[in-house]
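> Need coordinates for the below:
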Amino acid sequence: MNYVGICGAVVISLGVVVTAGASTSCSSSSSGGSGSSGGGCGANNQLCTVPTADPISDGKGHTLRTFTPPGDTGPNTFVFSTSGEVNAITGYPYPPYDPSTATVMVDGWSWKIEKYIVVLDHITLWTNPNQSSSDQSQHGGQVAHVDGPFVVDLHKGGPLDGKGGGGEQALAIAALTNQNDNGGAAFDPSQTYAFGFSTVQAPSDGSAINVNLTKDEEADYQYMVQNGASVYYYGTATWAGNTSGTMDFGLCSTNPQTNFSMGQQTCAVAASGSGGDGGMDDDGGAGEGGTGGTCPANGLYDFTKLPQTMTFKFAFPTPTNYVNCINYTVSEAAGHDVRGVQSSASGVTVEQATVHMDHPFWESFEEDTPVHWDQIAAQYIGQTNPEAHLEDMKGVPFNPFKDKNGNVMPWRWCEGSDVYAPPSNGAMSFSTLSVKQDPNGTCTGTVGQDFTKDNCTAIRDYYDFMKYTQSTQGHLNSQGLCYIDRQYPAPAGGS
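Below you'll find the predicted structure:
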């Protein structure tokens, strides 16, 4: 992964707590973020690892700042790492490498990620994460913080074992050695502190810290700046739903039970107007739901008209605060949800800001639903090797989905029913749960300001849908859910 260990070559695995070893000289300079302090390595050279990074420009006359790793800051301190988990490295191969555990595009797309750049900032600790059992947004006063902004390509992984296991990789980016917002008091290992972090828009003012971007990513970072993006995806998608795989995958043109013949599926039911969950209107009633559409004369939807390979370049202008997160690793051990983090008198505590990659492609605002690509590819019918952009999803209806030519799309899935079955036998329609849908709704405001100050009452199209579910992707230690405080125009409610 092109990492340089500046304190030796020994590499060990990390648990939640890293026991302090003998002091070994390491960089003692700040990693560039306020509140962060470099420390000795001890035996924990991963905390001193310097990823390969090149001087790159933000396109506005500034070179991104140089990153210094936090090091092993010792007992009763925190080091913060970040990870996009295994999928940020492997993407979603189809058929999957491990059918029992892998995330796949259920409609048969082999999806390769090449760059997954996030801008992380405002790692914060507060007192009293359990101030309200029913309202996760509530917590005590702020006691410590470390600012970046840290620009990280999570596709490149890192030298740490990620908190989710299974080959997950992480990279240490910052540290807190004391309560720098509370007079420099030491952390109390008997207390739990509420934890949060933010994704922010890629800065153009010279403040950004380049953790691991290389020269070939300079144009990508400048694209993020131009689009006000906080998270960026670049890669390729190739349809492989008829590829020979296991008995449960690659069935799109071989399994008669899925109603496919040469990539076609009947669309008569889809065209009848049977849509998914239309959300709720302002009066608590059902939202608009499916509106029907046209169907080819032969009664079949021809998926072969979709481009069979394409690139994607998604820049999400969705800065978000992830607040008072549940600590997944501690919760798993305890058997119930536990909020926040604790320091340890025996060594540095490593906590991971996790940014999941699959959220924008979910079929519902419900956590962890299956992911799809047909609905995106269908907006480029007639194009060879197109490049998809997030802005292309503006005005695209999703309840039900319609392709570029206005045809209502049926569901397509390339797995056996023991792996996946669509949520209905009607049109391909994605659910917003209780969040209102209105294709003619209002959504005005300013990116970078809290959503409560904007006027955005509904999800209008697939562009809104992708941003809303993508903005839920921040977690603590792999799967720990956080309160979602969107800093861009968005409806209230939802996950």
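> and the closest residue to residue 365 other than its chain neighbours, what pLDDT?
Once flanking residues are discounted, residue 365 sits nearest to residue 433: 4.7 Å by C-beta to C-beta, 6 or more residues apart in numbering. C-betas here are computed from N, CA, C, even on glycine. You'll see residue 433 listed with a pLDDT of 95.
> cool, residue 403 as well?
pLDDT, residue 403: 93.
> What of residue 95?
87.
> Quick check, it in contact with residue 243.
Yes. Using C-beta atoms under 8 Å, residue 95 is in contact with residue 243, at 6.2 Å.
> the more surrounded of the two?
The neighbour count for residue 95 versus residue 243, taken as other C-beta atoms under 10 Å, is higher for residue 95 (20 against 16).
> and the nearest residue to residue 412 once chain neighbours are set aside, what does it touch?
Once flanking residues are discounted, residue 412 sits nearest to residue 107: 4.7 Å by C-beta to C-beta, 6+ apart. Applying C-beta atoms under 8 Å, 6 or more residues apart in numbering, we find residue 107 in contact with 241, 372-374, 411-414.
> Could you save those as CSV and add columns showing neighbour count, distance to residue 53 and pLDDT?
Supplementary listing: those in CSV, determined by neighbours: other C-beta atoms under 10 Å; distance: C-beta to C-beta, whole Å; pLDDT from 0 to 100:
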residue, neighbour count, distance to residue 53, pLDDT
241, 28, 38, 91
372, 23, 35, 97
373, 25, 31, 98
374, 24, 37, 96
411, 26, 43, 89
412, 26, 41, 88
413, 23, 41, 89
414, 31, 39, 88
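> Which helix or strand contains residue 465?
helix 462-470 (DSSP states H and E).
> next one: that helix to chain centre, how far?
12 Å (C-alpha atoms, centre = their mean, to the nearest Å).
> Summarise which helices and strands it is packed against.
strand 309-316 (3 or more C-beta pairs under 8 Å, 6 or more residues apart in numbering; DSSP states H and E).
> So which elements touch the strand it packs on?
Strand 309-316 packs on helix 218-226, strand 231-239, strand 387-389, helix 462-470, going by 3+ C-beta pairs under 8 Å, 6+ apart.
> which residues of the stretch 151-300 of the chain fall in strands?
Here the stretch 151-300 of the chain has its strands, by DSSP state E, counting those that start in this stretch, at 160-161, 169-176, 194-199, 209-210, 231-239, 264-266, 300-302.
> what's the closest of these to residue 360?
strand 231-239 (7.8 Å; C-beta to C-beta).
> Could you export that closest one as PDB, keeping only the C-alpha atoms?
What follows is strand 231-239, C-alpha atoms only, in PDB (Å, rounded to 0.1, in the frame of the first residue of the first chain):
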ATOM      1  CA  VAL A 231     -16.900  12.700  -0.400                       C
ATOM      2  CA  TYR A 232     -15.800  11.500  -3.800                       C
ATOM      3  CA  TYR A 233     -16.100   8.200  -5.700                       C
ATOM      4  CA  TYR A 234     -14.300   7.300  -8.900                       C
ATOM      5  CA  GLY A 235     -14.300   3.900 -10.600                       C
ATOM      6  CA  THR A 236     -15.900   1.600 -13.200                       C
ATOM      7  CA  ALA A 237     -19.000  -0.600 -13.400                       C
ATOM      8  CA  THR A 238     -19.300  -3.600 -15.800                       C
ATOM      9  CA  TRP A 239     -22.400  -5.800 -16.100                       C
END
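> sorry, back to before: just send the strands of the stretch 151-300 of the chain back as CSV, with mean neighbour count too.
Compiled in CSV, the strands of the stretch 151-300 of the chain are given as follows (neighbours: other C-beta atoms under 10 Å):
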stretch, mean neighbour count
strand 160-161, 24
strand 169-176, 27
strand 194-199, 26
strand 209-210, 26
strand 231-239, 22
strand 264-266, 19
strand 300-302, 20
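> between those, which gets the lowest average pLDDT?
Minimum mean pLDDT among the strands of the stretch 151-300 of the chain: strand 264-266, a mean of 57.
> Pull the distance from stretch 444-458 to the chain's centre.
21 Å.
> first to last residue in stretch 142-159, what's the distance?
Start-to-end span of stretch 142-159 (C-alpha to C-alpha, to the nearest Å) is 31 Å.
> in stretch 238-254, what's buried?
Residues of stretch 238-254 classed as buried under the neighbour-count rule (16 or more other C-beta atoms under 10 Å) are 238-243, 245, 248-253.
> Out of the helices and strands packed on strand 309-316, the one nearest residue 353 is which?
Per C-beta to C-beta, nearest to residue 353 of the helices and strands packed on strand 309-316: strand 231-239, 12.7 Å.
> who's in contact with that closest one?
91, 105, 108-119, 199, 202, 220, 223-224, 306, 308-316, 318, 355, 357, 360, 373, 376-377, 470, 473.
> ok, of these, which come out buried?
Taking 16+ other C-beta under 10 Å as the criterion, what is buried in those is 91, 105, 108-113, 115-119, 199, 202, 220, 223-224, 306, 308, 310, 312-316, 318, 355, 357, 360, 373, 376-377, 470, 473.
> Filter the contacts of residue 107 down to the ones in helices?
The helices, defined by DSSP state H, take in residue 374 from the contacts of residue 107.
> so what sits against both of residue 95 and residue 243?
With C-beta under 8 Å, 6+ apart, residue 95 and residue 243 have common neighbours 249-250.
> Flag the shaky bits of the stretch 201-350 of the chain, pLDDT-wise.
245-246, 253-299 (pLDDT under 70).
> picking that back up, tell me which of the strands of the stretch 151-300 of the chain lies nearest to residue 137.
strand 194-199 (10.0 Å).
> what about the nearest residue to residue 120 once chain neighbours are set aside, how many neighbours?
Leaving aside its sequence neighbours, residue 120 sits nearest to residue 150 (C-beta to C-beta, 6+ apart; 4.7 Å). Residues lying near residue 150 (other C-beta under 10 Å) number 30.
> what's near enough to touch residue 150?
So residue 150 contacts 33, 67, 82, 119-121, 173-174, 209, 211 (C-beta under 8 Å, 6+ apart).
> looking at the sheet around it, what are its partners?
residue 120, residue 209 (DSSP bridges).
> ok, now how distant is it from residue 76?
Counting by C-beta to C-beta, to the nearest Å, the gap from residue 150 to residue 76 is 23 Å.
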